[in-house]
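# no letters, just coordinates:
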């Protein structure tokens, strides 16, 4: 099915956990890890329901989505239904991600700064560099952002830590400093800088989040918050 033309409007997005496999052991991560994957038929069933609900784009997550053994088949199903597809990767298999993007199966992808072979991916036209700010980590993400720009990155996205371990949560002041520094860097380098909805809400740049968004777990559970212990949950 032919996809609709790109617009400047915000797309209705579903984030789908397709696997719990991961080949990184990030010290701050509390996501469940196992060899469980979402089957292709179950994924297609979910997509059919989402299309009926008016969802326009899906983000495949995990775990590390590139480890799903049938990832090309999942992305082909997305394309056949006229949806846009993205994922976020730890860059442990950059060749696979590039191949999927070049095959027009990935509309966009996020690459986690500091993980795997992340610098191989940052200059790709469909890549966004995800910069995760942990408490006390301002210098680290500033260094990562600078390296990304030097490697030809076109888009930077600031993410605040999401989880229930307060020792990793940055203060609002840290988030504000990080966003200001990245915005300045973006202006100088002529690239796009943004922050996720949770971070923007922490910074009082928006009063709402979760609109036009649904998160779906491997077991099919739904949530409008991007992490279980979100303080803005209603």
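Now that the structure is in, tell me what you want to look at. For clarity, every value in this text was computed on a predicted model and none was experimentally measured.

# okay, the residue nearest to the spatial centre of the chain and residue 64: tell me how far apart.
The centroid of the chain falls nearest to residue 88 when counting by Cα atoms, centre = their mean (4.5 Å). Computed as Cβ to Cβ, to the nearest Å, the residue 88 to residue 64 distance reads 9 Å. Placement of C-beta: from N, CA and C, glycine included.

# also residue 110?
12 Å.

# can you pull the contacts of the residue nearest to the centre of the chain?
Residues near residue 88 by Cβ atoms under 8 Å, 6 or more residues apart in numbering: 59, 61, 65, 109-112, 130.

# residues of the longest helix seen in the chain that come out buried?
Longest helix in the chain, counting residues (DSSP state H): helix 172-189. Buried positions in helix 172-189, judged by neighbour count with 16 or more other Cβ atoms under 10 Å: 174-176, 178-179, 181-182, 185-186, 189.

# for the record, mean pLDDT for it?
Summarised as a single mean, pLDDT over helix 172-189 is 97.

# what's it in contact with?
In contact with helix 172-189 (Cβ under 8 Å, 6+ apart) are residues 131, 133, 135-138, 141-142, 145-146, 149, 156, 158, 160, 170, 192-193, 195, 199, 202-203.

# element containing residue 45, please.
Here residue 45 sits within helix 40-52, counting by DSSP states H and E.

# what does that helix contact?
Helix 40-52 has contacts (Cβ under 8 Å, 6+ apart) with 14, 16, 18, 58, 70, 73-74, 77-78, 81-83, 214, 216, 220.

# surely residue 197 and residue 226 touch.
Yes - between residue 197 and residue 226 there is a contact at 7.4 Å, judged by Cβ atoms under 8 Å.

# what do these two both touch?
Taking Cβ under 8 Å, 6+ apart as the criterion, residue 197 and residue 226 both touch 209-210, 213.

# how about the helices in this protein?
40-52, 71-80, 94-102, 118-121, 138-150, 172-189, 197-202.

# picking that back up, ok, the contacts of residue 88 vs residue 122, which is closest?
residue 111 (6.2 Å; Cβ to Cβ).

# next, count neighbours for the nearest residue to residue 31 once chain neighbours are set aside.
Closest residue to residue 31 apart from its sequence neighbours, by Cβ to Cβ, 6 or more residues apart in numbering: residue 63 at 6.9 Å. Residues lying near residue 63 (other Cβ atoms under 10 Å) number 25.

# pretty sure residue 63 contacts residue 23?
No - between residue 63 and residue 23 there is no contact, the gap being 9.3 Å when judged by Cβ under 8 Å.

# next one, pLDDT for the nearest residue to residue 131 once chain neighbours are set aside please.
Once flanking residues are discounted, residue 131 sits nearest to residue 141: 4.5 Å by Cβ to Cβ, 6+ apart. pLDDT for residue 141: 97.

# which residues are in contact with each of residue 110 and residue 64?
Common contacts of residue 110 and residue 64 (Cβ under 8 Å, 6+ apart): residue 89.
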